[in-house]
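Colleague: sequence? don't have it. structure:
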């Protein structure tokens, strides 16, 4: 497995749309800032230094393309991986490699592509993991929180126009893949979090894992 080789800490929040991953990622940033830890929030897809592939991906997932021009589901997942490769090179790795140790909190990362890809293409999540092996600087985060919630509840939380994945049947398939991924990568820092409760109740499940990691990596 590809563990984080840098002096900083990488923490990812993954889960179906509406699972509170963005909310919890931002709460974690504030919590770490209040502790005096240097922390940076970043989000995928990453729209910095956009390529034509990024524009194509953005049009596809926001339904700006009509069905005739939209890329196939497997191509969409490959565009996500290409986007991630540049996100790592241009933002994540420079932050993690700083002399002053930094925590990078990622709102979505590789497990998202693995779960959504396995649910919407002929690929398995293992196939998509293997596609990541071709990325020069790919690694797994120190901690990956997989937010677990019923798709109907998740959709009820979404206030914006739905993207191509925000359908209850699709999200149920994605949820099942996330459960498999959480079990498979348990020894690589994947932690399944019940995100059906309040923001505070969810954060209380996450905080001990992060506290332990900070103590182990930064306070030794």
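Modeller: Cool, the structure landed. No experiment lies behind these values; they were computed from the predicted model shown.
Colleague: could you pull out the helices for the chain?
Modeller: With helices called from DSSP state H, the chain shows them at 21-34, 52-61, 73-87, 93-96, 110-120, 125-132, 151-157, 168-184, 199-218.
Colleague: could those helices be laid out in TSV, adding distance to residue 2 and mean neighbour count?
Modeller: No exception for glycine: its C-beta is placed from N, CA and C like everyone else's. Putting the helices of the chain into TSV (distance: least, C-beta to C-beta, whole Å; neighbours: other C-beta atoms under 10 Å) gives the following:
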stretch	distance to residue 2	mean neighbour count
helix 21-34	21	18
helix 52-61	23	16
helix 73-87	13	19
helix 93-96	13	18
helix 110-120	9	26
helix 125-132	8	18
helix 151-157	29	15
helix 168-184	14	18
helix 199-218	17	15
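Colleague: quick one: which of those helices is nearest residue 140?
Modeller: helix 110-120 (7.2 Å; C-beta to C-beta).
Colleague: Show me the shaky parts of the chain.
Modeller: Under the criterion of pLDDT under 70, the regions of the chain flagged as low confidence span 1, 63-68, 160-164, 166, 220.
Colleague: switch the cut-off to 80
Modeller: Per-residue confidence for the chain (pLDDT under 80) gives these ranges: 1, 62-70, 99, 158-166, 219-220.
Colleague: in it, which residue is closest to the centre?
Modeller: residue 108 (1.7 Å; C-alpha atoms, centre = their mean).
Colleague: So that one sits against residue 21, correct?
Modeller: Yes. Between residue 108 and residue 21 there is a contact under C-beta atoms under 8 Å: 7.2 Å.
Colleague: List the contacts of the closest residue to residue 137 other than its chain neighbours.
Modeller: Distances taken as C-beta to C-beta, 6 or more residues apart in numbering place residue 88 nearest to residue 137, at 4.9 Å, with adjacent residues excluded. When contacts are counted by C-beta atoms under 8 Å, 6 or more residues apart in numbering, residue 88 is found next to 135, 137-138.
Colleague: now do 10 Å
Modeller: For residue 88, the residues meeting the contact criterion (C-beta atoms under 10 Å, 6 or more residues apart in numbering) are 10, 46, 94, 96, 109, 135-139.
Colleague: Kindly report the same for residue 93.
Modeller: Contacts for residue 93 (C-beta under 10 Å, 6+ apart) come out as 4-6, 8, 10, 87, 104, 137, 139.
Colleague: Take those and write them to TSV, including distance to residue 58.
Modeller: What follows is the contacts of residue 93, written out as TSV (distance: C-beta to C-beta, whole Å):
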residue	distance to residue 58
4	28
5	31
6	29
8	28
10	24
87	14
104	23
137	23
139	25
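Colleague: Of those residues, which count as buried by neighbour count?
Modeller: Taking 16 or more other C-beta atoms under 10 Å as the criterion, what is buried in the contacts of residue 93 is 4, 6, 8, 10, 87, 104, 139.
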